[in-house]
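K.L.:
give me a 3D structure for the following:
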Amino acid sequence: MSSNHLFPKTEKSAIRPWFGWIALLLFGASFSCALARSYCLYDTDCPPGLVCVVAQCLRPSTEAAPSDATVESEPSESTLEPTPTEPLPEGQTCWSGETRPCDLTGVTGCVAKPNNTFLCSSDTCQTGSQRCVNGQWEETCSTSSPRGTEICDGIDNNCDGKIDDNLPKCLSTFQSTSVSGQYVGLSVDPFDKNAYWFYREGPNEGFRLRRIATDTQETTDLALVLRGSSTPQSFPDVVASALYAPADKSPHLLYFVAEGGCALYKATLDQTVEVERLGKSSCRTEAVVPYPSGTKIEDVAFKDILTVAVHRTSKKLYLLESSEQVIHEYDPEAGTILTIFAQNGGTTSCSPSPFTAPKALHIPYLQAPQLLLLFQNPQQTGILHLDLFNVPCSSASYLLDGATGLREASTFASIQDSENTAIKGYYFAQTAANNTSCSLYTSVVNAATPSVPSAPTALVTGACERKDGLLDGVANTASVARIKEMVWDAKNKRAYLLESSSLGEAFRRYIP
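P.N.:
All right, here's what the predicted structure looks like:
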């Protein structure tokens, strides 16, 4: 035996089979584990007798996946997560890679049916599934089922989350209340295409602010918090509102009137809605004395503000007090108020023009500061046109009766042309005293002679019922109830209405 060898040659050769058996056993165990630990997502992905644990198929025992195990997965836009039997990580609503049947019960017009189908009209059904990506359910529903064609019927026929979108001559209902509910104070943002109004579900509740995206009908209730408080506030009554909506997405300002018309509030619509009262905290009881230029808003008390309007360019707010028929101009940047019109006399910047029973106040132009006031007296209904651009302010009134005998106009909205340089026409709402007839009129105005509008033409007239459909001449399939408020969106060419009927109140849209 040589001293250079640890073992004799006969002993060395004898142990070679021993090392081979060890290697074979180790390889077999490794190969067996590799087979057992094939890729999976659910237990059904594994061979019989195995379960899915951390994306690996293992025997149902105390055996656990090694901490340094690496599983090769198929290329995917999401990372596979643990099985759905384990708690979800914080921030996740589902396990990535999961699917579930689409649930369109929250989409307006869609009603869940058996076997995960969703009825969107009388003959349109959709099936499909949602995927979980990065721990969140996708908003879209993957489906190969045919969708319906959108028609003007107040239903989302093609299941895209939009009701009667881009259908001319179409009058649609977006939201409605119960019999005891109430809507008031409608404003529209033409840039974001959002509408705002105040609502309450019953007579014993306070009014709250609601926002709806007019394209998608997504609805958000906004909490109103008085400055210096952290508690959301509701209001026992709301009379009117006006919205200043800048195009640059900076915070919007919503002015609204409450407490019977003597309280004026400003709400800043930002991440939160902060509300502050403008003017004195008490109501005025004495007759108004026209406020001269430079009067601070904190020194002013109001009596019965009927309606308000904002001029988009100057940001000034115009307020109409009804009983004494005065119009004030509030400059938010200076914090001052000025009486520009007083029907019963006094020194103001606008000369008086006879009218009684003011109904609605609108600003038709984006550039020139002008006001339109719908008024009514026992003999006639007309519009008072105040040109605030000239000093002193000039006023002119013209009648709308024509041959139609328009005596009971409740509200109106001015229509502008695409350049926003001239009035193109008006919408008027009329309701008979006994609520047996409700009508919607339009009147065209020639820009060259704006003081001579055409006689109003009825778009629809009939029983005071709320029905969606077309306003297309003799082919009308829609009807209106009592129109309380109406706003014209000149940028997107849409009219929005708040209506009241025996069924409750509703927010509606008309596309000319």
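K.L.:
quick one: D387 from D331, how far?
P.N.:
Noted for D387: a distance of 19 Å to D331, by CB to CB, to the nearest Å. Just so you know, the C-beta spots here come from the backbone N, C-alpha and C atoms, and that holds for glycine as well.
K.L.:
ditto for A245
P.N.:
Applying CB to CB, the value for A245 to D331 is 18 Å.
K.L.:
and what of W488?
P.N.:
In this view, W488 and D331 are 25 Å apart by CB to CB.
K.L.:
give me the more crowded residue out of the two.
P.N.:
Taking other CB atoms under 10 Å, W488 and D331 do not tie; W488 has more neighbours (24 against 16).
K.L.:
correct me if wrong: N194 contacts I212.
P.N.:
Yes. Using CB atoms under 8 Å, N194 is in contact with I212, at 6.8 Å.
K.L.:
list phi and psi for V288.
P.N.:
phi -70, psi 140 (degrees, to the nearest 10).
K.L.:
what's the pLDDT at it?
P.N.:
pLDDT, V288: 81.
K.L.:
need the contact list for it.
P.N.:
Shown in contact with V288 (CB atoms under 8 Å, 6 or more residues apart in numbering): K303, E321, E324, V326, T339, A342.
K.L.:
same deal with L88?
P.N.:
L88 sits in contact with C94, W95, G135, where contact means CB under 8 Å, 6+ apart.
K.L.:
pLDDT wise, what is it at?
P.N.:
L88 carries a pLDDT value of 83.
K.L.:
let me know the helix or strand that it is in.
P.N.:
L88 belongs to no helix or strand when assigned by DSSP states H and E.
K.L.:
with R508 as the reference, measure out to it.
P.N.:
Counting by CB to CB, the gap from L88 to R508 is 42 Å.
K.L.:
do T173 as well
P.N.:
In terms of CB to CB, T173 sits 5 Å off from R508.
K.L.:
quickly list the domain ranges of this protein.
P.N.:
Taking automatic domain parsing as the criterion, the chain consists of the domains 22-75, 77-160, 170-511.
K.L.:
compare the ones you listed and say which comes out lowest on pLDDT.
P.N.:
domain 22-75 has the lowest average pLDDT among those, namely a mean of 51.
K.L.:
list just the nearest of the contacts of L88 to V275.
P.N.:
Nearest to V275 among the contacts of L88: G135, at 37.2 Å, using CB to CB.
K.L.:
for that closest one, grab the count of nearby residues.
P.N.:
Here the number of neighbours of G135 (other CB under 10 Å) works out to 18.
K.L.:
do S414 as well
P.N.:
By other CB under 10 Å, 22 other residues sit near S414.
K.L.:
returning to that earlier point: can you redo the contacts of L88 as TSV with secondary structure and distance to V184?
P.N.:
Listed next are the contacts of L88 as TSV, based on DSSP: H, G, I helix; E, B strand; the rest coil; distance: CB to CB, whole Å:
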residue	secondary structure	distance to V184
C94	coil	41
W95	coil	46
G135	coil	42
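K.L.:
from E324, how far out is the closest residue to C152 other than its chain neighbours?
P.N.:
Excluding the flanking residues, the one nearest C152 by CB to CB, 6 or more residues apart in numbering is C170, at 3.8 Å. Taking CB to CB as the measure, C170 falls 42 Å from E324.
K.L.:
repeat that for P203.
P.N.:
Per CB to CB, P203 is found 30 Å from E324.
K.L.:
contacting residues around the closest residue to P89 other than its chain neighbours?
P.N.:
Nearest residue to P89 in three dimensions, chain neighbours excluded: G135, at 7.1 Å (CB to CB, 6+ apart). G135 sits next to E81, L88, P89, G91, Q92, T93, C94, W95, S96 when contact means CB under 8 Å, 6+ apart.
K.L.:
give me the phi and psi for the third one.
P.N.:
Which is P89. In this entry, P89 is assigned phi and psi values of phi -60, psi 160 (degrees, to the nearest 10).
K.L.:
how many residues are close by it?
P.N.:
Each residue near P89 was counted by other CB under 10 Å, and the total is 10.
K.L.:
what does the fifth one give?
P.N.:
Applying other CB under 10 Å, we find 14 other residues in the vicinity of Q92.
K.L.:
and T173 and R508? which has more neighbours close in?
P.N.:
Higher neighbour count among T173 and R508: R508, with 23 against 19, using other CB under 10 Å.
K.L.:
ok, which stretches of the stretch 151-300 of the chain are strands?
P.N.:
Here the stretch 151-300 of the chain has its strands, by DSSP state E, counting those that start in this stretch, at 170-176, 182-189, 194-200, 208-213, 219-222, 224-226, 232-233, 238-244, 252-258, 263-269, 273-278, 295-296.
K.L.:
and the next helix or strand past the last one?
P.N.:
For strand 295-296, the succeeding helix or strand toward the C-terminus, using DSSP H and E, is strand 305-310.
K.L.:
the helix or strand where L384 lies: partners in the sheet, and parallel or antiparallel?
P.N.:
For L384, the host element (DSSP H and E) is strand 381-387. Sheet pairing of strand 381-387 (DSSP bridges) gives strand 370-376 (antiparallel), strand 394-399 (antiparallel).
K.L.:
tell me, how many residues neighbour S234?
P.N.:
The number of residues packed near S234 is 14, by other CB under 10 Å.
K.L.:
count of neighbours near the residue nearest to it when sequence neighbours are not counted?
P.N.:
With CB to CB, 6+ apart as the criterion, S234 has its nearest non-adjacent residue at 2.7 Å, and that residue is G206. G206 has 15 neighbours, counted by other CB under 10 Å.
K.L.:
for G206, give its distance to V257.
P.N.:
Counting by CB to CB, the separation of G206 from V257 is 15 Å.
K.L.:
try Y291
P.N.:
Counting by CB to CB, the gap from Y291 to V257 is 17 Å.
K.L.:
E485 too?
P.N.:
13 Å.
K.L.:
and for H311?
P.N.:
In this structure, H311 and V257 are 17 Å apart, going by CB to CB.
K.L.:
and those two? Which one has more around it.
P.N.:
More crowded of H311 and V257, by other CB under 10 Å: V257, with 25 against 21.
K.L.:
who touches the more buried one in this structure?
P.N.:
Residues near V257 by CB under 8 Å, 6+ apart: V238, V239, A240, S241, A263, L264, Y265, I305, T307, V308, L319.
K.L.:
if the fourth one is in a bridge, with which residues?
P.N.:
Same thing as S241. Judged by DSSP bridges, the bridge partners of S241 are F256.
K.L.:
who has more neighbours out of C170 and E324?
P.N.:
More crowded of C170 and E324, by other CB under 10 Å: C170, with 25 against 14.
K.L.:
was I right about the more buried one contacting T477?
P.N.:
No. Here C170 does not reach T477: they are 9.9 Å apart, not a contact under CB under 8 Å.
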